[in-house]
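A.B. asks: Below are the sequence and a predicted model for it; my questions follow.
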Amino acid sequence: MADELELLHRADPVPADHPRFGDGPLDDRAERQLTRLMTEEPLPAPAGRLLPRPWARPLPAPAGRPPRARLVWGLAATAAVLAIALDAVLGGAGTPRAVAAPRPLTVRTHSAPVPLTDMTALADAAASGGSPRLRKGTHVQSWSLGMSDDKPPVTLPEERVVRWRADATHTELVVATDPRRPGRPVLTDEGDTEGDAPHEVADGHVISRTTYPPMWSDAPPEAPPPHTVAALSAYLTEVVRPWTDRSTAPLSTAELLDATAELLDHWTLGARESAALVHLFAKTGGLRPVGEVTDRLGRPGHAYAYDARGIRHMLVLEPRTGAVLGMEDTFTEDDPEYGVTAGDVMAYSAWMR
């Protein structure tokens, strides 16, 4: 178990008061561990996408989000099932919570917001050398809320690494882990049996390890994303708008954020693709600069916010290159039906190279 957790730790040093995973390259030992884990006795690829678990129900999607994106907003367990899991994880009165919802990212006091137009210039300069290059696959740490009608929300944190091979096969490793609480139990809704309820697992527990057969596609988001602004806009439009509603209108801010998350869950962008994406963020006009933040992996970033129907969407960009570091969705209003209050984090994703 220790080896499985250690494979996702990075080589760069971490401040003692900020436990996290870094974003630097894996060292040789970690690379060997990752290769072993992702190739040893892989599970067969599923024939198709599994249906949602019978106990799960998604939160309503914020305005502008297509139906297929709704599940990322969180999972809601039935009260009876989740009550058992919460009792095991949270314990009785006076017992410290082993798993808790993360707090919203905090904008640094008195930090100067950087307009997106300024970020486009920085991104263009960073892309002039053409490095780093686009790479298929992703490495992402994510959190989402699991809720019931009468129990406090808890988070479902996991880390996913997808690696593609030259023969068009790819592997996916999913580990239950939370960098905010290393070594502490993690709540997951996945297991060996379809229909598993939320339950406690050890930090570093491997949820799944799968090898997929060769796959080719010329449709987004499987096809390589272009690196010019106009072509990338058309590409992302195809990602979020179904054929029956393929409007030629410019992408809305909500659509662009949703398409970006889908893109980054398939590709690790190169400098040129990141620069084109920053230009699209600036063109929508819906994202406002709010200041500097430190993300949950300890990385500095510039934050940009967009509010819509009780949800604040926050985009975090790398200060020098404009690369997307993460996205956070936070409730700005109480929602008694789901047991959430303003300030609760609905979902968060942090992407790494």
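C.D. replies: Structure received. Residues are numbered from 1 along each chain as shown.
A.B. asks: The residue nearest to Gly285 when sequence neighbours are not counted: neighbour count?
C.D. replies: The shortest distance from Gly285 to any non-neighbouring residue, by C-beta to C-beta, 6 or more residues apart in numbering, is to Thr253 (7.6 Å). For every residue, glycine as well, the C-beta is placed using N, CA and C. Thr253 is flanked by 19 other residues according to other C-beta atoms under 10 Å.
A.B. asks: quick one: contacts for Thr253?
C.D. replies: 64, 284-287, 306, 308, 313 (C-beta atoms under 8 Å, 6 or more residues apart in numbering).
A.B. asks: from these, which has minimum pLDDT?
C.D. replies: Among these, Gly64 carries the lowest pLDDT, at 40.
A.B. asks: quick one, helices of this structure?
C.D. replies: 2-6, 28-39, 79-90, 116-127, 229-240, 253-264, 271-284 (DSSP state H).
A.B. asks: first to last residue in stretch 279-288, what's the distance?
C.D. replies: End-to-end distance of stretch 279-288: 14 Å, with C-alpha to C-alpha, to the nearest Å as the criterion.
A.B. asks: circling back: which stretch in the helices of the chain is the model least sure about?
C.D. replies: Across these, helix 79-90 gives the lowest mean pLDDT, at a mean of 31.
A.B. asks: buried stuff in the lengthiest strand in the chain?
C.D. replies: When the chain is parsed with DSSP state E, its longest strand is strand 135-147. Neighbour-count burial for strand 135-147 flags 138-147 (criterion: 16 or more other C-beta atoms under 10 Å).
A.B. asks: Show me the shaky parts of the stretch 51-200 of the chain.
C.D. replies: Applying pLDDT under 70 to the stretch 51-200 of the chain flags residues 51-101, 146-155, 190-198.
A.B. asks: switch the cut-off to 90
C.D. replies: Within the stretch 51-200 of the chain, the stretches with pLDDT under 90 are 51-103, 129-130, 143-158, 176-200.
A.B. asks: Check the stretch 201-350 of the chain too.
C.D. replies: Those would be 201-205, 207-208, 215-218, 242-250, 296, 309, 335-341, 344-346, if you go by pLDDT under 90 across the stretch 201-350 of the chain.
A.B. asks: shouldn't Gly310 be in contact with Thr330?
C.D. replies: No. Assessed by C-beta atoms under 8 Å, Gly310 is found out of contact with Thr330, at 9.9 Å.
A.B. asks: Look at these two and report which has more neighbours.
C.D. replies: Remark: of Gly310 and Thr330, Thr330 carries more neighbours, 23 against 16, as counted by other C-beta under 10 Å.
A.B. asks: any idea how far the more buried one is from Tyr306?
C.D. replies: 11 Å (C-beta to C-beta, to the nearest Å).
A.B. asks: list residues touching both of those two?
C.D. replies: Common neighbours of Thr330 and Tyr306 (criterion: C-beta under 8 Å, 6+ apart): Arg312.
A.B. asks: about what we covered before: can you tell me which of the contacts of Thr253 lies closest to Thr321?
C.D. replies: Leu287 (17.2 Å; C-beta to C-beta).
A.B. asks: Next, count neighbours for that closest one.
C.D. replies: 20.
A.B. asks: Quick check: it touching Thr117?
C.D. replies: No. Leu287 is not in contact with Thr117 according to C-beta under 8 Å; the separation is 11.4 Å.
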